[in-house]
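J.: I'd like to go over a predicted model; first the sequence, then the structure.
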Amino acid sequence: MATKEFPDAPFTEGSLSAKICFIGEAPGEDEEINRSAFAGKAGRELQRLCSSAGIVTTACRYENVLQFRPDNNNITPYIKFGTSKVTTSPEFDAAVEQLKIRLEASGANVFVPMGRVAMYALTGLLAVVKQRGSIIPSTLVPGRKRIPTIHPS
């Protein structure tokens, strides 16, 4: 469901004043059907994990790098991770710029990129498993905390 602040971002939810913002790669089938961010199995797992950590999920903001579901959930037409370099499409680059605008408008102090695509979009880093749980700098929105984690899917 698009927020009133960003009607062109249908897979963005939550208050701009939320202190934590979770960022995923792109909506999947359940999100597309429900027109909602993190509406499927991964969203339920995220809620379970947050609950066990004492995080109130209804007080958080939810974003996706891409605001559309890639065909067959295949992200590779938009971003490809090679052994020595990352290749992005103009659509991916535009999506990252739009994400930056939304994140800058957000009052979140902590951004949680979930998975390699979101982590790359926010930090330019690749090794999410090595970086997960670390507070790292962002190339996208400087001055706020980034704590990457593995995507709950």
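T.: Everything's here; your move.

J.: sec struct for Val129, please.
T.: Following DSSP: H, G, I helix; E, B strand; the rest coil, Val129 is assigned to helix.

J.: just Ile23 next, same as before
T.: Three-state call for Ile23 (three-state DSSP): strand.

J.: beta partners of the residue nearest to Arg132 when sequence neighbours are not counted?
T.: Setting aside the residues directly before and after it, Arg132 is nearest to Thr149 in space (Cβ to Cβ, 6 or more residues apart in numbering), at 4.9 Å. Backbone N, C-alpha and C define where each C-beta goes, glycine included. Beta-bridge partners for Thr149, by DSSP bridges, are Met114.

J.: so Lys80 sits against Thr87, correct?
T.: Yes - applying Cβ atoms under 8 Å, one finds Lys80 in contact with Thr87, separated by 4.6 Å.

J.: ok now do Arg100, which residues does it touch?
T.: That one is not Arg; residue 100 is Lys. By Cβ atoms under 8 Å, 6 or more residues apart in numbering, the contact list for Lys100 reads 140-141.

J.: before we move on, which element is it in?
T.: According to DSSP states H and E, Lys100 maps onto helix 90-105.

J.: for that helix, list the C-alpha coordinates in CSV.
T.: Output in CSV follows, covering the C-alpha atoms of helix 90-105 (Å, rounded to 0.1, in the frame of the first residue of the first chain):
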residue,chain,number,x,y,z
PRO,A,90,19.1,2.0,-15.5
GLU,A,91,15.9,0.9,-13.9
PHE,A,92,17.7,-0.3,-10.8
ASP,A,93,19.7,2.9,-10.6
ALA,A,94,16.5,5.0,-10.8
ALA,A,95,14.9,2.8,-8.1
VAL,A,96,17.9,3.4,-5.8
GLU,A,97,17.6,7.2,-6.4
GLN,A,98,13.8,7.0,-5.5
LEU,A,99,14.6,4.9,-2.4
LYS,A,100,17.2,7.6,-1.4
ILE,A,101,14.5,10.3,-1.6
ARG,A,102,12.1,8.2,0.5
LEU,A,103,14.8,7.3,3.1
GLU,A,104,16.0,11.0,3.4
ALA,A,105,12.3,11.9,4.1
